[in-house]
Each structure stands twice: as structure tokens, then as C-alpha cells.
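Novice: A predicted structure for the sequence below; I have some questions about it.
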Amino acid sequence: MLKIYRATVLSKLDCGCTIYGSARKSVLQKLDPVHHMALRLSSGAFRTSPIKSLYVECYEPALELKRQMLSLHYYFKIQSNSNHPFYDFKLRPFLLRLQNARKSFIPVFFTRVQDILYDLNLLYLHVTPEPKSNFLPWGIPVVQFLNPFQTFIKSVTADIIYQHIFIEHRQEYNDFIAIYTEGSKSADHVSFAVVFPNTTLSFQLHSSCSVFTAEIAAVLLALEQISDFLERKFIIYTDSLSVLESLKSFYIHSHHHPLILNVLHLLNKLASRDFNILLCWVPSHVGIVGNEEADKAAKLASTQIDFTVPLTDFKKYTKVLFYSKWQRQWDTETDNKLHSVKPHVQPWPSLMNRKADTLLTRLRVGHTRYTHRHLLFGEQAPMCSQCNCIQTMFHKGKEMRNISLNTSYICCFKNVRDKLQIACLARQIFPHQVKFLLGSFDDATAIPYGYLFMDLRGKRSRSPEALRLSSCIFQEDKNAVYLPL
């Protein structure tokens, strides 16, 4: 249901949000109930479920956060297109003074974006402009690359075999000067290196760049250096097959990485100067000396280069920043019932059974008909008869601590072939320490579809009482209680 909502409703809310996002906050808040109702219906959460829990449970951020992310994407899309009418737009000083003096003044698009950039520390980040293609349809350069290892599978081929093949390859192309390129990316480090016969160049990129950008930047730097050489025959070795395939499959009307077009332009320019440049793929980490040197130099690179970030990499990077911001907001919700079950904002696996998925969603969120029905009907909150406190799912789980079991099962069967096993750790507070494991019982007996119950003794019970309760999760006997969800 979430996929249907995202495709049919949320896509319309996102469309044009960069424009209507300048509306007053009170006007924009009218869209939130639509978003919240869709998340409740999609997840099956109880009507009293907290909004922030719905966001995390469905892995769908608030509309305000999403509007900021899409506005930032559109801003940098403008910056990457030199033909856009707002490419050189600058905010006028008097407009900034007016907005600072009158807080009721509705900020324009570029003012809102500047605030977002300042909040994310992205004021000095520049996007790579889209290069203009000067190729005629019949003059698109055709790039072919060598691959002497294409008949071998790396997982079942010894390194020494690759080394011997490469030696034979170099003997065949011994009149070509070998140049090795490498790109590297770690958690907070993106860099590339180019190894020439007499020197090695290595540079560090912005952490938002992808490893593909690092690889293609290394090839581009190699071509730029080659243009100053007196020799005319070169062969560039790279372990990035994706870069070579992108150069080979270039099409003038399709969207490509901006550096791909730069490489093609430079190859065409060098070819017009009688340069003979070949590209060749080599496997990584198999003991090929030049490739190993390039890999080591890339990982040790410390010199920053003035390099812009491609738009595709920037979108992925800003998405990570916004979701990290969402995670920081969620970290402050320590009193939220779902936070103890799901401390990290990440996708939650959904079940194939809608009824089981709904019940587990309500258990995780902590809002069920049993614990929060009184809010809808104006009744008194259910109280525990033993300790005289308000009944919650957390409190109800404490009553299970005295059960001496290693494992308990929640079983929901549609038929013999379609079975679901959800295991939860015994002697833990249910549902806050629940762990879900998909599997099946080999000796399971088919139970009518739609009946969900838990047998605290670890075996499947088919008692009439358990089958009669279509929405019970604990079998109603001396070891369990009935909880209407």
C-alpha cells in the first residue's frame, strides 16, 4: 500500500513543491493530514499512533523535510544548467534586508535554499556544470576497450594466471606507454591516483563524490597529462569496467555523467593530433604491479583538488544528509515506545500477510485497541490490577518474565506452504526486544487463514478458543492473556 501511495498521491504532493513551498507554514500544514492518514492506512497503525512513530515505521519522512530536500535538488539542477534563466541569479541586498526586518515576509525560493545550505554546511559546495556536446549525430566517437581477461571468472581464477596473462598482453603492446588509474572511496575519503612511468599523481575529492566519479576523474587526468607528452602511443589501464562500458555505450541524447562527455571530447581532440590511445580493463587486487601502486596511492592521497561535484552524486549525498538529520531528530525521542524497538531510521521488512503486518505494527508502535481504545471512546485508561498503574504493552510484557521458556512463537498460517514464523527472545520485555525471523515449521499444521495467536509453551495449539479469536495474539489459557489489537 505504501508503494501505491507513493506512486499516486505522494508524487502529486512532491510535484511543484519547490514553488508552493514558499507558502506560509499554516497553509503548508494543511497537507500534513493527507500524508498522515495515508501512512496510517498503509501500515495499519492505530488511530492514536504518534506521528513521528508513523514516519519511522513507514520509513517516510515528514513533508517539510522532503520539501527541503527536493528544493535543494532543484537549486543545484539550476546551477548545473548554464542555459537556465536563473543560472546567474543573485539575491538583491535590499530583499535580504527586507526579509530580515519583517519576519512575516514570505521568503522566496533562493532565500529558503540559502537557509538550507547554511544548515547543512553546503554553502561552498559547487555542482559540476553539464558540458555541451559538440558531436554531430554521425560523428559520435566510438570507444572500444581491450579486455584480455574476459574469458576468466575472478572468483575461480588464481592471481598468478591473471599476472601471466597481463605479462603476455604487455609483450604484445610493448610499444605503448602504460598508465594506471585508480579511484578509491571509504566512509569519509574519496580520492583517485594516476601512475605514470616516472611519476604518480594522487588527489582527494569531496566526500560526496561516488567511486565512479573518482574512477572517471582519474582517466580524465591521465588524458590531460598525456596531451603534454611528446610520445603518441599510450594505453590506460583501469579496474573500473563501469567507466569503460559508459564510454563505449555513449549516446548523444541520453543523460550521462558529465565527466564522460569531457573524456570523449578529450579523446577526440587527442586523436586529431595523431595520438593513439587505448583503454584496457584489468582486474583489481590480483598482483598486477601498476594497478597495486595506483590503488595504494589513491588510498594515501591527501592533496585536495578544486573539483566540483556531479549532480547525480550531489543528490545522493544530500539525501544522506537529510536522513541523518531525521535520525538526529529521532534520537531525541527517547520516550517514544517505537524508539526502543527501532532506534535507527531504516526500512522495516514487511510481511506478506496484511493482518499479521498490521498487528506487529501496532505492537511495535505501542498503540493498540487494548491499550488506547479509551482515548477514542472517552473511557478511563485500563489499569493493572496488581500494581495499579496504566496498562501498556511494555507493562503487559513484564508479566511474561516468569515464563521459563527459551523461545516463544507467534504463528500465522494461511496454508501449509505459506507459513510464517516470528521468533521473539524469551525473558525479554515484549515487544521492545522482539526479533523477527522469517522461516517455517516443517511439521506445521494448516490453520485457517487470518488467525494469529501465540502459544507461550512453544508449540502450535489448535484449541477452539484460539481459533475462535480472530484477533488474539496470546492464547487464552493459564499461561497467557487475550489482547484485542
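Specialist: Yep, it's here.
Novice: Packing partners of whichever strand or helix holds Tyr370?
Specialist: Counting by DSSP states H and E, the element that carries Tyr370 is helix 369-372. For helix 369-372, the elements it packs on are helix 393-398, judged by 3 or more Cβ pairs under 8 Å, 6 or more residues apart in numbering; DSSP states H and E. (C-beta placed from N, C-alpha, C; glycine too.)
Novice: Strands of the stretch 201-350 of the chain, residue ranges please.
Specialist: In the stretch 201-350 of the chain, the segments counted as strands under DSSP state E, counting those that start in this stretch are 233-238, 276-281.
Novice: okay, those strands in TSV with distance to Asp175, mean pLDDT and mean neighbour count next?
Specialist: Listed next are the strands of the stretch 201-350 of the chain as TSV, based on distance: least, Cβ to Cβ, whole Å; pLDDT from 0 to 100; neighbours: other Cβ atoms under 10 Å:
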stretch	distance to Asp175	mean pLDDT	mean neighbour count
strand 233-238	6	95	21
strand 276-281	10	94	18
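Novice: Nearest to Ile153 among these would be which one?
Specialist: strand 276-281 (14.4 Å; Cβ to Cβ).
Novice: contacting residues around Leu31?
Specialist: If you count contacts by Cβ atoms under 8 Å, 6 or more residues apart in numbering, Leu31 has them with 13, 63.
Novice: Give me the three-state assignment for it.
Specialist: helix (DSSP: H, G, I helix; E, B strand; the rest coil).
Novice: average model confidence for the helix holding Tyr370?
Specialist: The average pLDDT for helix 369-372 rounds to 73.
Novice: So, low pLDDT: which residues of the stretch 201-350 of the chain?
Specialist: In the prediction, the stretch 201-350 of the chain carries residues with pLDDT under 70 at positions 252-255.
Novice: re earlier: now the strands of the stretch 201-350 of the chain as CSV including distance to Asn83?
Specialist: Listed next are those as CSV, based on distance: least, Cβ to Cβ, whole Å:
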stretch, distance to Asn83
strand 233-238, 32
strand 276-281, 31
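Novice: Check the spacing between Tyr173 and Phe135 real quick.
Specialist: 28 Å (Cβ to Cβ, to the nearest Å).
Novice: closest one to Glu333 among the strands of the stretch 201-350 of the chain?
Specialist: Taking Cβ to Cβ, strand 233-238 is the member of these nearest to Glu333, at 46.5 Å.
Novice: neighbouring strands for that closest one, and are they parallel or not?
Specialist: Next to strand 233-238 in the sheet, as set by DSSP bridges, lie strand 177-185 (parallel), strand 276-281 (parallel).
Novice: Tell me which residues are up against it.
Specialist: Counting by Cβ under 8 Å, 6+ apart, residues outside strand 233-238 touching it are 146, 173, 175-182, 215, 218-219, 222-223, 226, 244, 275-282, 288, 290-291.
Novice: Same check on stretch 290-302?
Specialist: Here stretch 290-302 makes contact (Cβ under 8 Å, 6+ apart) with 178, 180-184, 186, 189, 191-195, 200, 202-204, 214, 218, 237, 239, 282, 284-285.
Novice: Just the buried residues of the residues you listed.
Specialist: Buried subset of those (neighbour count, 16 or more other Cβ atoms under 10 Å): 178, 180-184, 191-195, 202-204, 214, 218, 237, 239, 282.
Novice: how many other residues sit next to Pro129?
Specialist: Burial measure for Pro129: 15 neighbouring residues, criterion other Cβ atoms under 10 Å.
Novice: That one contacts Pro258, doesn't it?
Specialist: Yes - taking Cβ atoms under 8 Å as the definition, Pro129 is a contact partner of Pro258 at 7.2 Å.
Novice: Need the overlap of contacts for those two.
Specialist: Contact with both Pro129 and Pro258 is made by residues Ser80, according to Cβ under 8 Å, 6+ apart.
Novice: and Ser53, what helix or strand is that in?
Specialist: Counting by DSSP H and E, the secondary-structure element that holds Ser53 is helix 51-58.
Novice: Who are the contact partners of the closest residue to Ile216 other than its chain neighbours?
Specialist: Here the nearest residue to Ile216 in space, its sequence neighbours aside, is Leu259; by Cβ to Cβ, 6 or more residues apart in numbering that works out to 4.5 Å. Contacts for Leu259 (Cβ under 8 Å, 6+ apart) come out as 128, 213, 216-217, 220, 310.
Novice: now the helices for the stretch 151-300 of the chain?
Specialist: For the stretch 151-300 of the chain, the helices defined by DSSP state H, counting those that start in this stretch occupy 159-172, 211-226, 241-248, 258-272, 289-299.
Novice: List the buried residues in the helix holding Ser53.
Specialist: Within helix 51-58, the residues that qualify as buried by neighbour count (16+ other Cβ under 10 Å) are 52-58.
Novice: same check, this time on stretch 330-337
Specialist: Residues of stretch 330-337 classed as buried under the neighbour-count rule (16+ other Cβ under 10 Å) are 330, 336-337.
Novice: Could you give the separation of it from the chain centroid?
Specialist: Here the centre of mass of C-alpha atoms in stretch 330-337, compared against the chain's by Cα atoms, centre = their mean, to the nearest Å, lies 22 Å away.
Novice: SS state for Phe149?
Specialist: For Phe149, the secondary-structure state derived from three-state DSSP is coil.
Novice: my guess is it meets Ser284, correct?
Specialist: No - between Phe149 and Ser284 there is no contact, the gap being 11.3 Å when judged by Cβ under 8 Å.
Novice: Thr318 versus the residue lying closest to Arg112 once chain neighbours are set aside, what's the distance?
Specialist: Nearest residue to Arg112, sequence neighbours excluded (Cβ to Cβ, 6+ apart): Ser71, at 6.3 Å. To Thr318, Ser71 is 10 Å away according to Cβ to Cβ.
Novice: Neighbour count for these two, which is higher?
Specialist: Under the criterion of other Cβ under 10 Å, the comparison of Ser71 against Thr318 puts Thr318 first, with 22 against 19.
Novice: Surely that one and Leu120 touch.
Specialist: Yes - with contact defined as Cβ under 8 Å, Thr318 counts as touching Leu120 (7.3 Å).
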